[in-house]
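> what's the 3D shape of this:
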Amino acid sequence: MNVHKIIPYLSCFLLVIMLCSCKMRAEHNSLSNQFETIDSLISQNQMSSAIKELKKAEKQAYDSWSYIGIYRRYKLLGETELSSKLLKKALKKHSQNQELNAVYTEFLIKNKNLTEAKKYAEKLKDSKYASLYSEIILTELLESEKKNEPYDYFSDTTLYNIYLDAWKTSKNTLWLRNCAVLNVCRGQYGIAANLNPGFYSDADDAYFWGQVLYDAGNFYDSIAALDYSSKALNDFSLKSVFKTTEVMVAALESDAYMAVSQIEDAERIRQQLIFNTEEKQLNSSDEKILSIIYANSAIWAMNQGLTDRGVDLLFKAVNRWPEFVPTLILYTDFAYSSNLEREEDDEIKALRKAGISTLEMEKYDNRRKVPLSDAIYRIDRAIDKTQDPYLNIAKLDLRYKTDKSVTEKEKISDLWKMLEAAYTDNEQYRTLLIQYAMHFLLQIKKYDDAWELFFDFVTDYGTYSPKRDFWEQFIEQKNLYDLSFVEFAAYFACEQKLYEETLRLYEYCVYESGGILMDGAVSQKASTAACMNLADIYFSTGKKDKALDLYGRAAGRESNNKIRSEIFYRIACIYTSTGENKNALRSLEYAISMNPENERASLLRTQLLALNY
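Below is the predicted model of the structure:
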C-alpha cells in the first residue's frame, strides 16, 4: 500500500484517540466537580439533594474509582440499599476489578452476608486484599464454634495461609504468630523462626518471638527479642498491661545466654531479677520460676567458690519456698559438706597443738556452716506436706552418708527391700529409687547388681523380644526413657566393649536429646559428664577435631570451675599428644587458674616447660 494513502487513515485514528482522551478528561473533571458539589451539600445537611446528585453522578461513572467514590458517599449517608445496587452495577461492568470486589466483599461482611461475601472474596485470595477472605473464614469458624464444640485453631493446617494473608495485609504480628504456632506444633521450629518479622509491637510480641527463636536454636536473636521485651516492660511511659512479666523474660534470657556459653551474662540477668523482686509478692507462676532462678544462681555461686553468696541465696530460698525440692536438696547437700572435717597433715596438727593458727586455718575454721539438724527438719516438714519422692531419696542419701553404724551390706539389703516395695508405689518414686540404687551400686563396684537392676527396669518399661539383640531394641526405644537411663545405658555398653552402641547412645544424649538438631549444637539436657565421655571416645578413635570442639563446648556451658579445670587439662593432653605444646600450655594455664589444686595439670605444665629449656 502507498505510504501517502496510509497517512490520512493514521491521522483519523490519532484524532479519534485524542477525542476519546479529551472526553475522559472532561468526564473526570465533570465528576470531580460533581463530587465537590455533593460534599458541600452533605456538609450543609442537605441529604436529599446530595442523593439526587449522586444518582446523576452514577450515569457518568466510567471506572472503578468513580464507582467507589460514589459508594463512599452513599455509605456516608447511610444508604445501604443504594450502595448495594451501585456496587452490583459496577461489578457487572468490571467483574474482575480487585478494588471493586474488595469494597463489595467488605460491604457484605459488614451487613453479615457471609455466604455472598465469600463468593467475591474467593477472587481476592492471592491479592493484597486476601485478608478479607481470611476474615470470612475465621468469622464462620467463630459462628460455628458458638453452636458446636470449641475449635482448635492451631491444629487445622488449612488456616495457615488464612493467617499469612491476614498478616500481609494488616501487618498485625498476631496473625504471623498464629502461623508460627502452627509450625511449632508440628516441630517445624526453623520455619517458625524464619517468620520473625524483626520488629515487635510490644513486650508480649517480643517475648513470643524470643520463645520461638530459642526453640529454633537461634539464641542470639532470641536474646535480642527478649532484651526488647524487657525494655518495653520497664518503659513506664507506655502505660500498657502485658501478659509477659519481668520474671518470664529474665528466666528465658538467662537460659539463652547459657545456651551460647555466656555464663556470666546469664548470672547477671539472674542477679538483676533477684534484686528487683526481693521485696515483691509475685503471682504463683512467677514465684515458681523465681525459685528456679534462685537455685541456678546459688549453684553458679557455689561453683565459683562464692560460698557466702550461694548460702545466702539458699537460705532465702528455703524460707520463701519451704517445699521447693531443688533448693532444699542443695541446702541439705551444703549442710552435709560444710560439716565434714578435712584431713589435716602433721604440720597443721602441730600448729593447732601449739595454739597457733595461720590465716588459711582461721578462714577454714570460720567457714559458713548449716546445721545438719536444720536441714533434716526442713526436709521432714516438706515430706509431711508434699510426699515428694525426690525428698525421700535425699533423706535416704543423707542417712547413708551420716550414719556410720549402717554397713555397706546393710545398705544394699535395705535398698533391695525398698526397691521391692517401690513396685507398688508411684512410678516416679520407683524410677528415682532405681537411679539412686544404680549410682550407689556402681560406686561400691557392684557392677553385676547394677546391670541386673538396669536391665530389669528398661525391659519392664519397654517392649523387648528375647529373639532380638537387646541393644538394638534399646536404641530404637531410647526416647521412652529418662535421659539419665540412656546415659546409664551408654556406660554399660562401654563396659561391655560395645563401641558402636556406646557412641550412638552418647551422641543421642549430647546432640539429639534436646530436640534441636543443629550441627555441633549440644543439647540443653546433656550432662557435662556425657559430653566429656563422648569427647574421650572421639579422641580415642582418632577424631581429634571433634573431641576438641566438644570439650570446648562442654567447658563453655559448665559453671563448676573444678570440672572446667579438668576439661582444659584433657584438652591440653590432646594437644600434647600431637606435639602442639604451646596450645597445651595455654590450656593448662586455664586449667590451673580455675583450680589451683589441679595437680595433674600442674605436673603436666612443669613437664612441658622443662622440655622448652
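> if I look at Ala121, how far off is Leu87?
Counting by CB to CB, to the nearest Å, the gap from Ala121 to Leu87 is 14 Å. For the C-beta atoms, the positions are set from N, CA and C on the backbone; glycine is no exception.
> Counting neighbours, go ahead and name the busier of those two.
Counting neighbours by other CB atoms under 10 Å for Ala121 and for Leu87 shows that Ala121 has the greater number, 26 against 23.
> thought the more buried one was touching Glu106?
No - Ala121 lies out of contact with Glu106 (CB atoms under 8 Å); the separation is 9.4 Å.
> between the two, what contacts are shared?
Leu132 (CB atoms under 8 Å, 6 or more residues apart in numbering).
> Now do stretch 464-482: distance to the chain's middle.
Between the centre of stretch 464-482 and the centre of its chain there are 30 Å (CA atoms, centre = their mean, to the nearest Å).
> What's the mean pLDDT across it?
For stretch 464-482, the mean pLDDT works out to 94.
> For that stretch, buried residues please.
By neighbour count with 16 or more other CB atoms under 10 Å, stretch 464-482 contains the buried residues Tyr464, Trp471, Gln473, Phe474, Ile475, Lys478, Tyr481.
> cool, and stretch 555-568?
555-561, 563-568.
> One more: stretch 520-533?
Val522, Ser523, Ala526, Ser527, Thr528, Ala530, Cys531, Met532, Asn533.
> List just the nearest of those residues to Val406.
The closest of the buried residues of stretch 520-533 to Val406 turns out to be Ser527 (CB to CB; 29.0 Å).
> okay, now Thr244: neighbour count?
Using other CB under 10 Å, the number of residues around Thr244 comes to 21.
> how close does it sit to Lys231?
When Thr244 is compared with Lys231 (using CB to CB), they lie 12 Å apart.
> can you check Ile51 too?
54 Å.
> Give me the more crowded residue out of those two.
Ile51 (18 against 12).
> hey, C-alpha coordinates of the helix or strand harbouring the more buried one in CSV?
Secondary structure from DSSP states H and E places Ile51 in helix 47-60. C-alpha atoms of helix 47-60 as CSV (Å, rounded to 0.1, in the frame of the first residue of the first chain):
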residue,chain,number,x,y,z
MET,A,47,-29.1,14.9,52.3
SER,A,48,-31.9,14.6,49.7
SER,A,49,-30.2,16.9,47.3
ALA,A,50,-27.0,15.1,47.8
ILE,A,51,-28.7,11.7,46.9
LYS,A,52,-30.2,13.3,43.8
GLU,A,53,-26.7,14.5,42.7
LEU,A,54,-25.2,11.1,43.4
LYS,A,55,-27.8,9.4,41.2
LYS,A,56,-26.8,11.8,38.4
ALA,A,57,-23.2,11.1,39.0
GLU,A,58,-23.8,7.3,38.6
LYS,A,59,-24.6,7.9,34.9
GLN,A,60,-21.1,9.5,34.4
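> which of the residues in it are buried?
Buried residues in helix 47-60 (16+ other CB under 10 Å): Ala50, Ile51, Glu53, Leu54, Ala57, Glu58.
> Need the residues that contact it.
Counting by CB under 8 Å, 6+ apart, 27, 30-31, 34-35, 37-38, 41-42, 66, 70, 73-74, 77, 79, 82, 86, 89 sit against helix 47-60.
> among the residues you listed, which are in helices?
Taking DSSP state H as the definition of helices, the contacts of helix 47-60 contribute 27, 30-31, 34-35, 37-38, 41-42, 66, 70, 73-74, 82, 86, 89.
> As a check, name the ranges of all helices in the stretch 251-400 of the chain.
Along the stretch 251-400 of the chain, counting by DSSP state H, counting those that start in this stretch, helices occupy 263-277, 284-303, 307-320, 325-338, 346-353, 359-365, 372-386, 389-402.
> What is the three-state secondary structure of Gly556?
The local conformation at Gly556, judged by DSSP: H, G, I helix; E, B strand; the rest coil, is helix.
> these two touch, right, it and Glu264?
No - using CB under 8 Å as the test, Gly556 is too far from Glu264 to be in contact (11.3 Å).
> Point out where the stretch 351-500 of the chain drops to low pLDDT.
Low-confidence segments of the stretch 351-500 of the chain, defined by pLDDT under 70: 422-426.
> Correction: the previous question concerned the chain.
1-29, 145, 147, 149, 151-154, 236-239, 422-426, 516-518, 612-613.
> Can you add distance to Ala493 and give the buried residues of stretch 464-482 back as TSV?
As requested, the buried residues of stretch 464-482 are exported to TSV (distance: CB to CB, whole Å):
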residue	distance to Ala493
Tyr464	16
Trp471	6
Gln473	13
Phe474	9
Ile475	9
Lys478	12
Tyr481	14
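> and of these, the nearest to His94?
Once CB to CB is applied, the member of the buried residues of stretch 464-482 that ends up nearest His94 is Lys478, at 63.6 Å.
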